[in-house]
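> Take a look and give me a structure for this.
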Amino acid sequence: MYHHHCLGIRRANPTKKKHVTTNDLISHRDQCKGQKAIFTLSLVAIFTLWVWQFHKMIFSFNSNQSLGRAEVEPNEPPRRIRAGEDNVAKYRAAIIHANKILVFYNLFVAGTEDEERVQDIVNEQLAVLDPQLHYINASITSLGHPLPSIPDQMTREHIVEGGDEGETLHALWNYCRSNNNHDTKVIYLHSKGSFHPSEQNDKLRRFLTEGALSGECAHLPDTCNVCSSRMSPLPHPHTPGNMWLARCDYVAKLVDPFALKEKKLPKQYLHDNACHGYGRFFFEHWVHSHPSVSPCDLYAGNEYTWAYEHVPRVPFRKNLQRAPRFEFNHYVQMDSSLCPLTHDAVLGRQVKDYKTIYNSVALADSWWGWNFFTRASSHPPPSNKRIITNKRRTVPRSPSASFCYSEEGSLHQIALDMIQHSSRPGSPSYEKLKHVLNLNQQFYINLGSPIFHRNEVSISTMLQGYGLNQTVGRPSSHIITTTLVETKLTDSVCRISEYECRDYPRILIQIDHDKLGHEVELCHSSSNCIIVDSSIHNLATAVEKGWTQSLVLLPVMIQSVSRLESQELKLEPLQTRSHSIVYLDRIDDTPKALLWTNNTNQHPETFNLSEMQLRDMTNVYRNTKVCVASRRYYTSSVGGGYKHLSELARFGCIPVFETFSDSIGTSSFEHCGRVIFSNEEELLKRATDVVGVINHGLINDFTHVDWWKKGVNWGQLLLHFIV
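Residues are numbered from 1 along each chain as shown. This next block holds a predicted model:
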């Protein structure tokens, strides 16, 4: 107890007086000194304890709940562990008052063996945090195996199985909705390279982290609401690698990242498509997906735009500027792009996304795309000039003789564009194709099914035109002087799945438009095997897996002659044909309902060909006005369609096709082949509209049939391309 007289406090009514000696004063002074020292130390201890508690209180904050004792919530899946709730409002108020930036960090660890490596990644990134700008304790969402060294107060949530970036982005989004103002900012980082360790991932992670945590982004001007090291408008608006800073009043406008897993977006967004920013690529597109985005980026050098080529080393000189900072053509990467690009296609896709996700097509004068696309419209990339735009069209175009019968508008040019896109001269896939073609003088072709007979004819003609000889007899499995041309359906003389056959010279014809099977991986692993594919969707998958050096794009599914043609066809005028609409492929309950509800009342003669024999199909096609084909409702994320297009178009019916992602040459298909592309929901409505056009006598020629018959000059194709 500290005596009152040591504080200079006198008793109120002293009743006794005492004589005080010099020794008494000295003793009293020493006693007070000791008590003052004890009191001072006590105050310091109390203050230190208070500061520590306040520090812990603030930095334990997360956007949805604070951290107390970790508990498994009864309403959550059993593999998800959240922190308990406690004083959320208090923590949020403390952070906002301090005006520092909260970092949301997505952490993934596959297993115990990755702990040390991933810890190095976390340490590297969080070491860039500036305590003057950022809260040192990031809000971490931990996925997979827990990293033991991460403090509890930094772990917002741990998800053992099934989590993805959407969990962290959802927390960031919720935080911004609760703090919806212009001055509050958030940063998104993730442990890039923790799942796929590589030098490329390391370089991109360091480049992105330095920009997102920079002072330049932290003090971004009012004209910007998203800041990153690099923003690219192609193939969709995104920050390559997905690390950035953003203002909360902008983030609050974005769609909930959980909309993807909760399937609240149209079904095309659910399937992976790197060209459009769908599926798992949606998270990379998400922060730039709103029409009010005003992006800025920091890197002034023009050698790096997106993907993994030419990523700058750190540290780099930062020059904050409105993005995109370069002209359209500079972002077009034909060597690493997953899809061909034109300004019309990209713009159309972007506007459609705004309408689909946000129900808005109103674009402010400050929208980043006005100058960008306006400049591009007068300078389109010459190699992409045949690519379709996304403008909806109902009436088929009348083919232009000057374009459609020139080399530029031909199917042969489309074939050249495809191989140029995947395998430009000097590229790894170009060199591997030459190597495989030059291994042997003869080849044996068997695609494994009678339905591919016409395709066998085209491929054989192509290889013979290159100078190879076709052998008719089935070769011995012990002789490797014959190159095998086959599909996964082929009863091969030497299966690629057998180890001793792995290096047998082989051309693998890929027949699936929406996936790459194990046989493709085995072919890639062999130096003597090349994959020939018709689908840009599959090329995108090959890029992700690192298989592009083994894949060549060629329209081998286009048939020189339809399998349905047993004799020369006599084409009846469209207007007098008895069948209005024929629907190709299987119809499940949903399209069946659409078909009968929307069309049968108007066109009772509508047919479904899924169960018909070839002879019946031929007779129906001969008497049909409009031929409809669906990609089985994978929408634009799936490639293909060439086989069906070339098969049915020769009968003169007008093709109405569900849009697919293989966009090379689609403007020629539209302009010369009279193909109408439509989304799933409007497919049958478009067909009905075309029937009306035909019934009014507005289409009375078959010039599009002549264009299809001209086809690809298979005998000259490789000679035109390979030097």
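> those strands in the stretch 401-550 of the chain, which residues are they?
Ranges of strands in the stretch 401-550 of the chain, per DSSP state E, counting those that start in this stretch, are 442-446, 469-470, 482-486, 506-509, 529-533.
> Quick one: closest of the ones you listed to residue 310.
strand 529-533 (27.1 Å; Cβ to Cβ). C-beta coordinates here come from the backbone N, C-alpha and C atoms, glycine included.
> Tell me which of the strands of the stretch 401-550 of the chain sits nearest to residue 107.
Per Cβ to Cβ, nearest to residue 107 of those: strand 529-533, 36.0 Å.
> tell me what the closest one is packed against?
helix 428-437, strand 506-509, helix 518-525, helix 536-545, strand 551-553 (3 or more Cβ pairs under 8 Å, 6 or more residues apart in numbering; DSSP states H and E).
> from the middle of its chain, how far away would the second one be?
Looking back up the chat, that one is strand 506-509. 28 Å (Cα atoms, centre = their mean, to the nearest Å).
> partner strands of that strand, parallel or antiparallel?
Strand pairing for strand 506-509, using DSSP bridges, gives strand 482-486 (parallel), strand 529-533 (parallel).
> Which residue ranges of the stretch 151-300 of the chain form strands?
With DSSP E, counting those that start in this stretch as the criterion, the stretch 151-300 of the chain has strands spanning 155-159, 185-190, 226-228, 244-247, 295-299.
> Looking at the ones you listed, which is nearest to residue 121?
Residue 121 lies closest, by Cβ to Cβ, to one member of these: strand 185-190, at 9.8 Å.
> ok, the closest residue to residue 128 other than its chain neighbours - contacts?
Nearest non-adjacent residue to residue 128, counting by Cβ to Cβ, 6 or more residues apart in numbering: residue 213, 4.7 Å away. Listed by Cβ atoms under 8 Å, 6 or more residues apart in numbering, the contact partners of residue 213 are 103, 128-130, 133-134, 187, 189.
> give me that answer again for 7 Å
By Cβ atoms under 7 Å, 6 or more residues apart in numbering, residue 213 lies in contact with 128-130, 134, 187.
> max-length strand in the protein?
Looking across the chain with DSSP state E, the single longest strand is strand 102-109.
> which element follows that one toward the C-terminus?
Per DSSP states H and E, strand 102-109 leads on to helix 115-126 as the next helix or strand towards the C-terminus.
> That next one - contacts with which helices or strands?
strand 102-109 (3 or more Cβ pairs under 7 Å, 6 or more residues apart in numbering; DSSP states H and E).
> where does this protein have its least confident helix or strand?
None of the helices or strands of the chain scores lower by mean pLDDT, DSSP states H and E than helix 589-595, at a mean of 38.
> circling back: how much space is there between the residue nearest to residue 128 and residue 651?
Remark: distance between residue 213 and residue 651 (Cβ to Cβ, to the nearest Å) = 62 Å.
> circling back to that earlier point, out of the helices and strands packed on strand 529-533, which comes closest to residue 416?
Closest approach to residue 416 among the helices and strands packed on strand 529-533 is made by strand 551-553 (10.5 Å; Cβ to Cβ).
> Averaged pLDDT, the closest one. What do you get?
For strand 551-553, mean pLDDT rounds to 92.
> now swap in stretch 165-172 and tell me
Computed over stretch 165-172, the mean pLDDT rounds to 95.
> again, but for stretch 474-488
85.
> returning to what we had before: can you tell me which of the helices and strands packed on strand 529-533 is nearest to residue 408?
strand 551-553 (18.9 Å).
> buried ones in stretch 417-430?
Going by neighbour count (16 or more other Cβ atoms under 10 Å), the buried part of stretch 417-430 is 417-423, 427, 429-430.
> got the residues you listed as a markdown table, with distance to residue 240 and pLDDT columns?
Converted to a markdown table, the buried residues of stretch 417-430 look like this (distance: Cβ to Cβ, whole Å; pLDDT from 0 to 100):
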| residue | distance to residue 240 | pLDDT |
| --- | --- | --- |
| 417 | 26 | 87 |
| 418 | 26 | 88 |
| 419 | 27 | 90 |
| 420 | 24 | 86 |
| 421 | 21 | 84 |
| 422 | 21 | 86 |
| 423 | 24 | 88 |
| 427 | 21 | 87 |
| 429 | 23 | 91 |
| 430 | 26 | 92 |
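> for residue 372, what are its contacts?
By Cβ under 7 Å, 6+ apart, the contact set of residue 372 is 233, 324, 328.
> now the helices for the stretch 51-200 of the chain?
Applying DSSP state H, counting those that start in this stretch to the stretch 51-200 of the chain gives helices spanning 88-98, 115-126, 165-178, 199-212.
> Output those helices in TSV; the columns should cover mean neighbour count and distance to residue 502.
Below are those laid out as TSV (neighbours: other Cβ atoms under 10 Å; distance: least, Cβ to Cβ, whole Å):
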stretch	mean neighbour count	distance to residue 502
helix 88-98	14	58
helix 115-126	17	32
helix 165-178	22	37
helix 199-212	21	27
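> could you dump those to CSV with distance to residue 711?
Formatted as CSV, these follow (distance: least, Cβ to Cβ, whole Å):
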stretch, distance to residue 711
helix 88-98, 66
helix 115-126, 53
helix 165-178, 45
helix 199-212, 41
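> quick one on the thing from earlier: so which of the helices and strands packed on strand 529-533 is nearest residue 311?
Closest to residue 311 of the helices and strands packed on strand 529-533 is helix 536-545 (Cβ to Cβ; 16.1 Å).
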